[in-house]
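A.B. asks: please work out how this folds:
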Amino acid sequence: KNWRGYHTDESVLDLKAILEALPDQTKPTILIGHSYAPTIIIRYLHRHYYNSTLSSSLRPPPIKGCIFLSSALRSSVNPIPNGGHPIFRLPVFLLRYLQKQMTKAFVEGAYHPDTDPRLIQESLQANDGNDMWMAKAYHTHHEWATPDEWDNNNKSAPAVLVLHGKDDKIVPRESGQELADRVHATKLVVIEKASHQVMEEQPAQVANAIMMFLQESF
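C.D. replies: Residues are numbered from 1 along each chain as shown. Reported below is the predicted structural model:
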């Protein structure tokens, strides 16, 4: 992608294109997003689904549910500003120089201390392999969804499950609580012994919570 291609609005258009390309437009769909991704889902619903001017025969498949993991809305309790952490304002060559230290700090915050050391090592290696030009483009172009974007969807909003690690040091649990409150979540599940990468740290707990949500909601 080019530099602008990593803007949140471009990701919203990517999601729109994917959904419109699904071969069966009648099957109910559940959208799942982690961290920044729920913003993409909320903005898609706001701009292109509930406010769509297309006829019903041309609209994408019905969105019946959303699952948001370790996320937030733009608000005073969300410590991450639009544009990501201020460190991403640095030139790319400095980000590349600092990459190992940035990876170490992220992994220490994103995983609970009791996480399997093998998973920690895999994450360290994977994050050290990130392209820092792409990382800078992605983070600096992120714009959190606002509460108003969801409030405008309230009349026909889908069922929502919010999952958050109890010890999330990247997006604090308070942000997940606020997200759940503002989107009128069907259920908020706080995962024990988990930080930001909750689906990796506690896959069984997350899978069970999702299965219960699906069984109770549909």
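A.B. asks: switch to C-alpha atoms for all contacts and neighbour counts from now on
C.D. replies: Fine.
A.B. asks: now what about the one helix or strand Leu161 maps to, what contacts it?
C.D. replies: Secondary structure assignment for Leu161, by DSSP states H and E: strand 159-165. If you take CA atoms under 8 Å, 6 or more residues apart in numbering as the criterion, strand 159-165 is touched by 64-71, 173, 176, 179-180, 183-198, 206, 210, 213, 217.
A.B. asks: restricted to strands, list those residues.
C.D. replies: 64-69, 187-191 (DSSP state E).
A.B. asks: reformat those as TSV; add neighbour count, distance to Leu161 and pLDDT.
C.D. replies: Shown next, in TSV, are the ones in strands among the contacts of strand 159-165 (neighbours: other CA atoms under 10 Å; distance: CA to CA, whole Å; pLDDT from 0 to 100):
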residue	neighbour count	distance to Leu161	pLDDT
Lys64	17	12	92
Gly65	20	8	94
Cys66	22	6	96
Ile67	20	5	98
Phe68	26	6	98
Leu69	25	8	98
Lys187	17	5	94
Leu188	20	6	97
Val189	20	8	98
Val190	21	11	98
Ile191	20	13	97
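A.B. asks: which stretches of the chain have low pLDDT?
C.D. replies: For the chain, the stretches with pLDDT under 70 are 52-59, 152-155.
A.B. asks: do a quick rundown of the helices in it.
C.D. replies: 8-20, 37-44, 92-97, 99-110, 117-128, 132-140, 147-151, 173-182, 198-201, 203-217 (DSSP state H).
A.B. asks: so what touches the shortest one?
C.D. replies: With contact meaning CA under 8 Å, 6+ apart, helix 198-201 is reached by 69-70, 111-112, 115-116, 164-165, 191, 193-195, 206.
A.B. asks: same thing but at 7 Å, please
C.D. replies: With CA atoms under 7 Å, 6 or more residues apart in numbering as the test, helix 198-201 has contacts from 111, 115, 165, 194, 206.
A.B. asks: who wins for neighbours among those?
C.D. replies: Counting neighbours by other CA atoms under 10 Å, the top entry in the contacts of helix 198-201 is Gly165, with 29 neighbours.
A.B. asks: ok, that residue to Ala137 distance?
C.D. replies: Applying CA to CA, to the nearest Å, the value for Gly165 to Ala137 is 27 Å.
A.B. asks: and Glu200, by the same measure?
C.D. replies: Taking CA to CA as the measure, Glu200 falls 25 Å from Ala137.
A.B. asks: ok, the two, which is more surrounded?
C.D. replies: Legend: neighbour count by other CA under 10 Å for Glu200 and Ala137, higher for Ala137 (21 against 15).
A.B. asks: so that one versus Tyr44, what's the distance?
C.D. replies: From Ala137 to Tyr44 the distance is 20 Å (CA to CA).
A.B. asks: and Val198, by the same measure?
C.D. replies: 24 Å.
A.B. asks: one step back: and Asn2, which of the helices of the chain is closest to it?
C.D. replies: Asn2 lies closest to helix 132-140 among these, at 8.9 Å (CA to CA).
A.B. asks: tell me the buried residues in the closest one?
C.D. replies: Going by neighbour count (16 or more other CA atoms under 10 Å), the buried part of helix 132-140 is 132, 134, 136-140.
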